[in-house]
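A.B. asks: for reference, the sequence and a predicted model appear below.
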Amino acid sequence: MGVTSVVLLWVLGACALTGGVLVFTLNSMARVTFALLGSLVCVGGVVTVLGLPYLGVVTVLMMVMEMLIMAVFMIAYMMNPAGLMPMSMLHNTRGALAVSGAVFGGLVAGVFLVPWPGRTGRRPEDTTFQVGAALMGDQMLTMVTLGFVLLATMVGTTVLATRRGRYDRFGDDLDQRPGEGPGGGSGRRPGEDPGGGSGRRRAEGPGGGGAGR
Amino acid sequence: MTFHLLLVLAAGLFSTGLFGALSQQSVVMIMMGIELMIGGVVVAVADFWHFLSPAAGGGQVVIVAAVVAMAVEMAMGFAVTTALYRARRIDMTDLAGDLKG
């Protein structure tokens, strides 16, 4: 490994760690998202420098898209808009510090105490070809499993994000008919107007807040 | 030595993410902590692959699996957050303690 690679690894590693710490120290949710983006892009850079350009670039591209989506959600569910309202978003800080400190200490001790074996085998000419051959050969079962996991995720997220399905509208045995209101419904949701969906907006209240429970 | 330092970097990212996942109240921030933890795993796997066993293609597949885990975690996390917010107008873990289990 050349000097350039080592220096790059140092810089990228320091940036990744700094970004990771900034994620939990910055106040603004948008800044937090971009700190995490920077940290994970540096992780992709480390992977690239270590000789896995394909996976590194995939990581970077995926993180950029993911963090842009995350920024939208962060701003939608933000507790602290633009850092203008100084507040603590933490709970049990001391316990969390103790646990994560102990984990870090244990891991670092393991890193330096374990007698790691030497390098076995030679690096292939084309590492992208290697991962492709592994995925389409020995690791085909892994690939198939990952495919099904992604499919299940798509179905699960759709079900969770759908406002209401036919069993909400027609009841458990599909024998009820929707109410008269514009929203319809059999009144199964807690806090909802049983006569139909027309009272939904008013029942939830414009301000939201914890009173809706 | 680079091998060890990269593993320390991975441990640092993992522990930072663990701290965030344990201490943050916002559900979205907890997901950020988990992302950081998986980022640490990715660094460690790439390190192991490069320095210990570069001939094994299975090492790269672990990174693929970790990246897929990141995507799945994001998607499901946002879906659960959206469902939770829609049902109860809450976005904090302390208010959803009945989901513990």
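C.D. replies: Thanks, I have it. Residues are numbered from 1 along each chain as shown, chains lettered A, B, ... in the order given.
A.B. asks: wait, A:Leu40 touches A:Thr59, no?
C.D. replies: Yes - if you go by CB atoms under 8 Å, A:Leu40 and A:Thr59 touch, sitting 7.1 Å apart. Using the backbone N, CA and C atoms, a C-beta is placed for each residue, glycine as well.
A.B. asks: who has more neighbours, these two?
C.D. replies: Applying other CB atoms under 10 Å in any protein chain shown to A:Leu40 and A:Thr59 shows that A:Leu40 carries more neighbours, namely 29 against 26.
A.B. asks: mind showing which ranges of chain A have poor pLDDT?
C.D. replies: Flagging of chain A using pLDDT under 70 yields the residue ranges A:78-89, A:164-165, A:178-213.
A.B. asks: domains of chain A?
C.D. replies: A:1-82, A:126-190 (automatic domain parsing).
A.B. asks: how many neighbours does the residue lying closest to B:Val27 once chain neighbours are set aside have?
C.D. replies: Among residues not flanking B:Val27 along the chain, B:Thr81 sits closest, at 4.8 Å (CB to CB, 6 or more residues apart in numbering or on different chains). Neighbourhood size, B:Thr81 [other CB under 10 Å]: 22.
A.B. asks: contacts only, for B:Thr81.
C.D. replies: A:73, A:77, B:27-28, B:91 (CB atoms under 8 Å, 6 or more residues apart in numbering or on different chains).
A.B. asks: now it: which helix or strand?
C.D. replies: Element membership for B:Thr81 (DSSP states H and E) is helix B:58-88.
A.B. asks: just give the nearest non-adjacent residue to the residue located most distally from the centre of chain B, would you?
C.D. replies: The C-alpha centroid of chain B is most remote from B:Ala55, which lies 27.0 Å away (CA atoms, centre = their mean). Distance criterion CB to CB, 6+ apart; nearest residue to B:Ala55, sequence neighbours excluded, is A:Gly121 at 2.7 Å.
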